[in-house]
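Visitor: Let's see this in three dimensions:
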Amino acid sequence: MEKSRVLVVGGTGYIGRRIVRASLAQGHPTYVLMRPEIGLDIDKLQMLLSFKAQGARLLEASLDDHASLVAAVAQVDVVVSAMSGVHFRSHNLLLQHKLVEAIKEAGNVKRFIPSEFGCDPSRMGHALEPGRVSFDEKMEIRRAIEEANIPHTYISANCFAAYFCPNLCQMRTLLPPKEKVCVYGDGNVKVIFVDEDDVGTYTIKCVDDPRTLNKTIYLRPRENILTQNEVIMNWEKLSGKILEKIHIPAEEFLASMKDMDFASQVGVGHYYHIFYEGCLTNFDIEDGADATLLYPEVQYTCMEEYIKRYV
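Guide: Sure, this is the predicted structure:
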């Protein structure tokens, strides 16, 4: 079967670059949107040129120029949005709406994967403020996609490994703690960690698969469904050092939001839902599928191997 032509929007971003590499590796004609807004960002430009050298085609278009965006979308079969979600409320939401409008007008796209890649926003209607806005925005984009009858797949990638695993789930650091580790509650809530390269691999696996059409696909690598205590235990085994555990009750953790800035409050809310509530694992998949079961041939990276580089 001929492989779909894949356009990645946000291809120089943290997950976007991995999706571009996965698309090339899996033999898809791969296109990357090159926006004039790149300006003087030499690192992004060099990355785009490296993709071009590997066989990707760069399509020049601006998300602020509807005609150019429609023209770019018209050249492909699949669009994957990997635009950063760090700009809450207006910016990212507006850009995603513009992309949806272009896909709707072009009328040729057989699969759209919007920029989600976290926990399933359809299950987060109860999320705490102010972090709830990120889930509400994703649901707004979902409604726009479905109202436009755009064929789609939603990817729930859970916790990106580099942000959650080597730091033993600690906030405000990416490195393993040396002496003490904060444990959320009893530390026994199951969490799902996924290697970021594997996110790209599974995402591209989905684009031509009829089983993933108009579904939410969850990335649930069995060996990476771990409690925080298990992550800490793995690190102690690898490092040979026992850490002092400081258990933080839920009430105390939430109270810490009081004097924080907006972004930190959002982070605390998300951590609460993941590590106290268990929002990644406290449900069975019903109207969707587990990517690791759909694609058992993918040799995903286990977290015990992932964190060895930090020893």
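Visitor: just the strands in the stretch 51-200 of the chain please.
Guide: Using DSSP state E, counting those that start in this stretch, the strands of the stretch 51-200 of the chain run over 57-60, 78-81, 111-113, 153-156, 159-160, 180-184, 190-194.
Visitor: Of all the ones you listed, which one is nearest K215?
Guide: K215 sits nearest to strand 153-156 of all those, at 6.2 Å, using C-beta to C-beta. Quick note: C-beta positions are derived from backbone N, CA and C, even for glycine.
Visitor: Direction included, what does that closest one pair up with?
Guide: strand 215-218 (parallel) (DSSP bridges).
Visitor: List the buried residues for the helix or strand of the chain with the lowest mean pLDDT?
Guide: Ranked by mean pLDDT, DSSP states H and E, the weakest helix or strand in the chain is helix 90-106, scoring a mean of 91. Across helix 90-106, burial judged by 16 or more other C-beta atoms under 10 Å covers N92, L93, L95, Q96, K98, L99, V100, A102, I103, K104, A106.
Visitor: Identify the residues contacting it?
Guide: For helix 90-106, the surrounding residues in contact (C-beta atoms under 8 Å, 6 or more residues apart in numbering) are 9, 63-64, 66, 69-70, 72-74, 79, 81, 83-86, 109, 112, 114-115, 137, 140-141, 144-145, 148, 150.
Visitor: Quick check: the gap between the nearest residue to T301 once chain neighbours are set aside and V70.
Guide: Using C-beta to C-beta, 6 or more residues apart in numbering and skipping the chain neighbours, the partner closest in space to T301 is D195 (3.8 Å). Taking C-beta to C-beta, to the nearest Å as the criterion, D195 is separated from V70 by 35 Å.
Visitor: higher neighbour count, those two?
Guide: Between D195 and V70, counted using other C-beta atoms under 10 Å, the more crowded position is D195 (22 against 17).
Visitor: Would you mind measuring the gap between the ends of stretch 290-310?
Guide: End-to-end distance for stretch 290-310: 29 Å, by C-alpha to C-alpha, to the nearest Å.
Visitor: ok, now stretch 200-216?
Guide: Start-to-end, stretch 200-216 (C-alpha to C-alpha) is 16 Å.
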